[in-house]
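A.B. asks: please find the sequence and the predicted model below.
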Amino acid sequence: MDRAILGSGICVEDSNELARMGRWPMRGRNLRGELDAFLAGVEGELIGFRRDLHMNPELAFAEYRTTQRVAARLGAAGLVPSVLPRGTGLICEVGSGDGPTVALRADIDALPVPDEKDVPYSSTVPGVCHACGHDVHTTILLGAGLFLARQAEAGLLPGRVRLLFQPAEELPGGALEVMAAGGLSGVDRIFGLHCDPRVDVGKVGLKTGPITSACDRVTVRVSGPGGHTARPHLTADLVFALAKILTELPAALSRRVDPRSSLSLVWGRVEAGSAANAIPDDGVAEGTVRCLDEEAWHAAPDMIKALLESVAGAYGVEAHMDYVRGVPPVVNEEISVQMLIEAAEGALGEGASVPTQQSLGGEDFGWYLESVPGAFARLGTRTPGEAHAGDIHQGTFDVDENCIGAGVRFMVATALTALWEGQRPAAGEPPVLLNLDN
């Protein structure tokens, strides 16, 4: 049998043989050419759509205008989006085939960060901007949905693609809202992406296993009788005790967990007292707990609570901890990552998939992967050859808008590759791939 080498080097049978076996999804069609034609017609509209979102950013669970703009465009394409119960975010099913259901997710909220860019599409909302690229994610998923709707209308989807336009990733909490609304019901795999200004446009950063960290929030409140700074021995020296908590908790954690888990407690806010000569009766510290390892993440709250009580007790102050779970680490499933590699290489060209490292940043896509297999990718947004691009969560952040077309291609190829995953000859073998050129 003839063999063909596609993308990352995986061998698949000759397309004619696959066609005879009924496993070649796009026989007689040029998917890449269809994407070229589609984007030639809508890429300008998509860029305009992204710029409109960028000019009108909305914070977590306040994305009403964004939701309506997306819903209206999907509705104009003949789709039937369903807005989430809070009124922000939506779910939209594409296709009606009996095959698998694949979910594609984009987050839609902005950040409370002033826009510092001098561009015609800078934010018109004071103190708020799309500094994390969610306007780009939303636009890419919209574009992919419009193309897939055409495929479904032509009877070319062997299953369903569920578009998840998720609110409140930055809060976080939006992923749980989507799940509570049935967003993962019947889903076989889920995929998402995020802008990465360290990666060139046309490239996609991929990694098997953990790709982000867990991220929680901790608040420590301490209290004591207060007193005069001349007589700390007659009271509980609350500021001194709080300082010990700030330094001893992170230090002790580093000796209580496997260093490979990279469990870290970093304080971001501390407040106590109002006069130089008065020992206060209360104080507060707030920080974040980040962790690369899921087991250590689950153990962290009890461990930190025990250490806090030990340190506080030694200095005679009362301590109370509020520990708010944020997000688990995003752990990419191996088979799903292989699908992303093949989608990137097929849609964007050989060498489009590049390795990436695990980040200490948090991402609530991890909640989805606690329920169904899937993977998360980093989409290149940097102009090739540019020495330095601004980082996310900064008011100067922007993208090379060519990433929108690249993202649409990649997400379409991902959905179609995953829909045909069930056509593999046997468990453990690589997925049958799309012949993008045919």
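C.D. replies: Good, I have the coordinates. Numbers count the residues shown, from 1 in each chain.

A.B. asks: and the helices in the chain?
C.D. replies: Remark: helices assigned in the chain by DSSP state H are 15-20, 31-55, 64-76, 134-153, 174-180, 238-253, 294-314, 334-348, 365-369, 402-419.

A.B. asks: now the nearest residue to G127 once chain neighbours are set aside: how far from D188?
C.D. replies: Excluding the flanking residues, the one nearest G127 by Cβ to Cβ, 6 or more residues apart in numbering is P114, at 5.4 Å. Every C-beta, even on glycine, is put in place using the N, C-alpha and C of the backbone. Using Cβ to Cβ, to the nearest Å, P114 is found at 42 Å from D188.

A.B. asks: the more surrounded of the two?
C.D. replies: D188 (19 against 14; other Cβ atoms under 10 Å).

A.B. asks: out of the helices of the chain, flag the one nearest R260.
C.D. replies: Among the helices of the chain, the nearest to R260 by Cβ to Cβ is helix 294-314 (9.1 Å).

A.B. asks: off-centre distance for the closest one?
C.D. replies: Distance of helix 294-314 from its chain centroid, counting by Cα atoms, centre = their mean, to the nearest Å, is 28 Å.

A.B. asks: just want the angle from that helix to helix 238-253.
C.D. replies: In terms of direction (axes from the mean of the first three to the mean of the last three Cα atoms, to 10 degrees), helix 294-314 departs from helix 238-253 by 150 degrees.

A.B. asks: residues of helix 294-314 that come out buried?
C.D. replies: Buried residues in helix 294-314, counting neighbours by 16 or more other Cβ atoms under 10 Å, are found at 294, 296-297, 299-301, 303-305, 307-308, 311-312.

A.B. asks: may I have it as PDB, with CA atoms only?
C.D. replies: The C-alpha trace of helix 294-314 is given here as PDB (Å, rounded to 0.1, in the frame of the first residue of the first chain):
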ATOM      1  CA  GLU A 294      -2.500  19.100  40.200                       C
ATOM      2  CA  GLU A 295      -1.800  16.900  43.300                       C
ATOM      3  CA  ALA A 296       0.000  19.800  45.000                       C
ATOM      4  CA  TRP A 297      -2.800  22.100  44.000                       C
ATOM      5  CA  HIS A 298      -5.400  20.000  45.800                       C
ATOM      6  CA  ALA A 299      -3.200  19.800  48.900                       C
ATOM      7  CA  ALA A 300      -2.300  23.500  49.100                       C
ATOM      8  CA  PRO A 301      -5.200  25.000  51.100                       C
ATOM      9  CA  ASP A 302      -4.900  22.600  54.100                       C
ATOM     10  CA  MET A 303      -1.100  23.000  54.100                       C
ATOM     11  CA  ILE A 304      -1.200  26.800  54.000                       C
ATOM     12  CA  LYS A 305      -3.900  26.900  56.700                       C
ATOM     13  CA  ALA A 306      -1.800  24.700  59.100                       C
ATOM     14  CA  LEU A 307       1.300  26.700  58.500                       C
ATOM     15  CA  LEU A 308      -0.600  30.000  59.100                       C
ATOM     16  CA  GLU A 309      -2.000  28.800  62.400                       C
ATOM     17  CA  SER A 310       1.500  27.700  63.500                       C
ATOM     18  CA  VAL A 311       3.200  31.000  62.700                       C
ATOM     19  CA  ALA A 312       0.400  33.200  64.000                       C
ATOM     20  CA  GLY A 313       0.100  31.200  67.300                       C
ATOM     21  CA  ALA A 314       3.800  31.700  68.000                       C
END
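
A.B. asks: kindly reformat the helices of the chain as TSV containing mean pLDDT and distance to G192.
C.D. replies: Below are these laid out as TSV (pLDDT from 0 to 100; distance: least, Cβ to Cβ, whole Å):
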stretch	mean pLDDT	distance to G192
helix 15-20	33	29
helix 31-55	97	17
helix 64-76	99	16
helix 134-153	98	8
helix 174-180	98	10
helix 238-253	97	30
helix 294-314	95	18
helix 334-348	97	10
helix 365-369	97	5
helix 402-419	98	9
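
A.B. asks: export those as TSV, with columns for distance to C195.
C.D. replies: Formatted as TSV, the helices of the chain follow (distance: least, Cβ to Cβ, whole Å):
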stretch	distance to C195
helix 15-20	34
helix 31-55	11
helix 64-76	17
helix 134-153	5
helix 174-180	17
helix 238-253	31
helix 294-314	25
helix 334-348	15
helix 365-369	14
helix 402-419	7
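
A.B. asks: so which of the ones you listed comes closest to T101?
C.D. replies: Of all the helices of the chain, it is helix 402-419 that lies closest to T101, at 8.7 Å by Cβ to Cβ.

A.B. asks: what is the closest one packed up against?
C.D. replies: Applying 3 or more Cβ pairs under 8 Å, 6 or more residues apart in numbering; DSSP states H and E, one finds that helix 402-419 contacts helix 31-55, strand 101-107, helix 134-153, strand 189-200, helix 334-348, strand 374-382.

A.B. asks: hmm, back to that, who wins for proximity to P210 among the helices of the chain?
C.D. replies: Closest among those, using Cβ to Cβ: helix 294-314, at 7.7 Å.

A.B. asks: list the helices and strands the closest one packs on?
C.D. replies: Under the contact criterion of 3+ Cβ pairs under 8 Å, 6+ apart, helix 294-314 touches strand 214-223, helix 238-253, strand 282-291, strand 318-327.

A.B. asks: pull out the buried residues from the second one.
C.D. replies: Read that as helix 238-253. 238-239, 241-246, 248-250, 252-253.

A.B. asks: which one of these is nearest to A375?
C.D. replies: Of those, the one sitting nearest to A375 (Cβ to Cβ) turns out to be L253, at 29.9 Å.

A.B. asks: residues touching K244, list them.
C.D. replies: V311, A314, Y315 (Cβ atoms under 8 Å, 6 or more residues apart in numbering).
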